[in-house]
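S.K.: My questions concern the predicted model and sequence given below.
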Amino acid sequence: MYNEINLDKIDLRQEPPLEEPARQYYFMAECRQYTKRFFEENGRLPSASVHTFGCQMNARDSEKLIGILEKIGYEMTEDEHAELVLYNTCTVRDNANQKVYGRLGFLNTIKKKNPHMKIALCGCMMQELSVVEKLQKSYRFVDLVFGTHNIYKFAELLASSLESDRMIIDIWKETDKIVEELPADRKFFFKSGVNIMYGCNNFCSYCIVPYVRGRERSRKPEDILQEIRRLVQDGVVEVMLLGQNVNSYGKNLEHPISFAELLQEVEKIEGLERIRFMTSHPKDLSDELIEVMKNSEKICRHMHLPLQSGSSRLLKIMNRRYTKEQYLALVEKLRNAIPDISLTTDIIVGFPGETEEDFRETLDVVRKVRYDSAFTFIYSKRTGTPAAVMENQVPEDVVKERFDTLLQKVQEISKRTSSRFEGQTMPVLVEQVNEQDSRLLTGRLSNNLLVHFPGTENLIGKIIDVKLEESKGFYYMGSYK
Ligand code: 5AD
Ligand code: SF4
């Protein structure tokens with residue numbers, strides 16, 4: 001197993017191998033020379049601080065980056081006063097970009113006091129040409145810039161950066177490559193995200209993801225199953241299968257397999273207790289998948305089903321390829337098959353040309369579906385997407401008013417919906433000591449709701465029965481005997 005390779009046994013007098021992942025282990029060994037030297041000179045290991053913006057995909061990518069840094073010998077810290085600071089960026093909405101520029105100003109002041117500090121940026125935002133141009137022009141103190149397609153090359157890029165004072169930029173437009181067997185860290189010892197596919201082919205007209213994450217590529221089922229089996233051996237009881245559109249998993253494989261078939265294989269893994277997945281595109285959600293979920297012991301009773309808009313007219317312009325009626329029919333099918341399923345969604349307000357009538361259609365779907373929770377977003381113009389050049393952008397004050405109305409509605413409904421299990425006793429995966437009150441533990445129900453209850457730390461990572469005493473709207477207070 002590559003992950004267990006002893007870096008000290010790699011002969012650095014040889015040329016780096018050309019094949020992956022051996023090549024990356026070679027460069028990890030090279031970087032390790034630096035961390036060793038640093039230790040000899042300073043009496044401590046160099047520290048590294050990784051900050052993640054955006055979605056679950058980025059969170060998982062960061063675990064891989066941290067896995068590489070730990071293997072090299074960095075000491076991980078939250079503090080940005082570190083020898084290496086890496087931002088894994090998001091660009092789905094413009095405010096994510098603005099946040100990064102703001103924080104870079106702050107990093108520059110730290111770097112002035114510690115000139116040996118390295119600042120590295122990666123992730124979706126770096127796939128935009130205009131961003132890289134701006135960094136080259138106005139943020140010369142950044143040392144390393146790479147994108148989403150070559151994350152696996154991090155060790156090699158870091159090795160070059162450690163030997164150079166220049167800004168190193170390596171951005172690929174596309175890739176068909178998936179490199180397996182690199183190290184990865186886990187934030188929680190008992191649960192883990194698992195990528196099943198990368199990229200997106202849907203080109204929703206507002207969305208930048210297909211441009212920055214590239215075309216859909218599925219991992220081979222054997223590789224996925226092997227990764228999960230190893231995770232389970234290592235104490236993991238819950239996995240979250242990750243993809244921009246998991247429902248189209250497997251279509252481009254040499255031996256095609258459906259997402260529902262993959263789930264059935266994952267279900268067979270002994271010792272694994274819970275399976276989650278994200279994200280499902282409504283247009284591709286099959287009857288086969290609903291059937292598999294219904295009969296499953298392990299697949300969690302939760303479906304994140306992005307709506308985006310309730311107006312069939314807007315959905316067409318958004319290129320979502322379903323209508324309001326089809327979406328509602330799908331929800332009914334899901335609820336008939338799995339009555340206790342919890343539904344969550346994403347909604348965009350203020351897409352170009354959105355009329356009062358379109359907005360009312362969105363509210364209507366929210367009322368009819370009664371989501372357990374919904375993420376609501378103000379439309380953000382993303383350069384390069386078809387919607388960015390649509391002429392009828394909605395005025396800011398109108399969007400703001402609609403956004404507030406929607407948020408209020410969503411919260412009112414989700415408060416009522418998510419209280420429906422009050423008084424019941426349900427299995428809970430205990431995740432952590434409560435962040436506000438250390439006498440409490442925080443756990444997650446199969447339907448993804450959180451419950452806080454008195455308990456001791458030794459329960460973390462276990463699945464236990466907790467009585468849901470009182471609903472607080474978005475979470476429960478509970479008790480455990
Ligand atoms: N503006 C606002 N929200 C967006 N999303 C994607 N692109 C945009 C955009 N340009 C939202 C969608 C998606 C979620 C991850 O982010 O609702 O489901
Ligand atoms: Fe973006 Fe649509 Fe792909 Fe989701 S399915 S990542 S919203 S293009």
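M.R.: Nice, thanks for sending it over. Ligands and ions are numbered 1, 2, ... in the order given.
S.K.: For the rest of this, base every contact and every neighbour count on C-alpha atoms.
M.R.: OK.
S.K.: Next, the buried residues of stretch 426-438.
M.R.: Neighbour counts over stretch 426-438 (16 or more other Cα atoms under 10 Å) mark Met426, Val428, Leu429, Val430, Glu431, Gln432, Val433, Asn434 as buried.
S.K.: Tell me, how many residues neighbour the nearest residue to Tyr25 once chain neighbours are set aside?
M.R.: Closest residue in space to Tyr25, ignoring its immediate chain neighbours: Leu7 at 7.0 Å, by Cα to Cα, 6 or more residues apart in numbering. Neighbour count of Leu7, defined by other Cα atoms under 10 Å: 19.
S.K.: What does Leu7 show for phi and psi?
M.R.: phi -60, psi -30 (degrees, to the nearest 10).
S.K.: quick one: which of the buried residues of stretch 426-438 sit in strands?
M.R.: Within these, residues falling in strands by DSSP state E are Met426, Val428, Leu429, Val430, Glu431, Gln432, Val433.
S.K.: Who does the last one form a beta bridge with?
M.R.: Partner residues in beta bridges with Val433: Leu441, with DSSP bridges as the criterion.
S.K.: Secondary structure class of Glu227, three-state.
M.R.: Put simply, Glu227 is helix when judged by DSSP: H, G, I helix; E, B strand; the rest coil.
S.K.: Over to the residue positioned nearest the centre of the chain: give its phi and psi.
M.R.: Nearest residue to the geometric centre of the chain (Cα atoms, centre = their mean): Gln56, 1.1 Å. Backbone torsions of Gln56, given as degrees, to the nearest 10, read phi -60, psi -30.
S.K.: Quick one: name the residues of the stretch 1-150 of the chain near ligand 1.
M.R.: Val92, Arg93 (Cα under 6 Å from any ligand atom).
S.K.: before we move on, back to that, quick one: the residue nearest to Tyr25 and Cys31 touch, right?
M.R.: No - counting by Cα atoms under 8 Å, Leu7 does not reach Cys31; the two are 10.0 Å apart.
S.K.: CA-only coordinates of stretch 355-370 in PDB, if you can.
M.R.: The C-alpha trace of stretch 355-370 is given here as PDB (Å, rounded to 0.1, in the frame of the first residue of the first chain):
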ATOM      1  CA  THR A 355     -40.300  38.000 -12.200                       C
ATOM      2  CA  GLU A 356     -42.600  38.200  -9.200                       C
ATOM      3  CA  GLU A 357     -44.600  35.400 -10.700                       C
ATOM      4  CA  ASP A 358     -41.400  33.200 -11.000                       C
ATOM      5  CA  PHE A 359     -40.500  33.900  -7.400                       C
ATOM      6  CA  ARG A 360     -44.000  33.000  -6.300                       C
ATOM      7  CA  GLU A 361     -43.600  29.600  -8.000                       C
ATOM      8  CA  THR A 362     -40.400  29.100  -5.900                       C
ATOM      9  CA  LEU A 363     -42.300  29.900  -2.700                       C
ATOM     10  CA  ASP A 364     -45.100  27.500  -3.800                       C
ATOM     11  CA  VAL A 365     -42.600  24.600  -4.100                       C
ATOM     12  CA  VAL A 366     -41.100  25.500  -0.800                       C
ATOM     13  CA  ARG A 367     -44.600  25.400   0.800                       C
ATOM     14  CA  LYS A 368     -45.500  22.100  -1.000                       C
ATOM     15  CA  VAL A 369     -42.300  20.200  -0.300                       C
ATOM     16  CA  ARG A 370     -41.800  21.400   3.300                       C
END
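S.K.: coming back round to it: CSV please, covering the ones in strands among the buried residues of stretch 426-438 and showing pLDDT.
M.R.: Converted to CSV, those look like this (pLDDT from 0 to 100):
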residue, pLDDT
Met426, 97
Val428, 98
Leu429, 98
Val430, 98
Glu431, 98
Gln432, 97
Val433, 97
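S.K.: Could you dump those into JSON lines with distance to His304 added?
M.R.: Formatted as JSON lines, those follow (distance: Cα to Cα, whole Å):
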{"residue": "Met426", "distance to His304": "21"}
{"residue": "Val428", "distance to His304": "19"}
{"residue": "Leu429", "distance to His304": "19"}
{"residue": "Val430", "distance to His304": "22"}
{"residue": "Glu431", "distance to His304": "21"}
{"residue": "Gln432", "distance to His304": "23"}
{"residue": "Val433", "distance to His304": "26"}
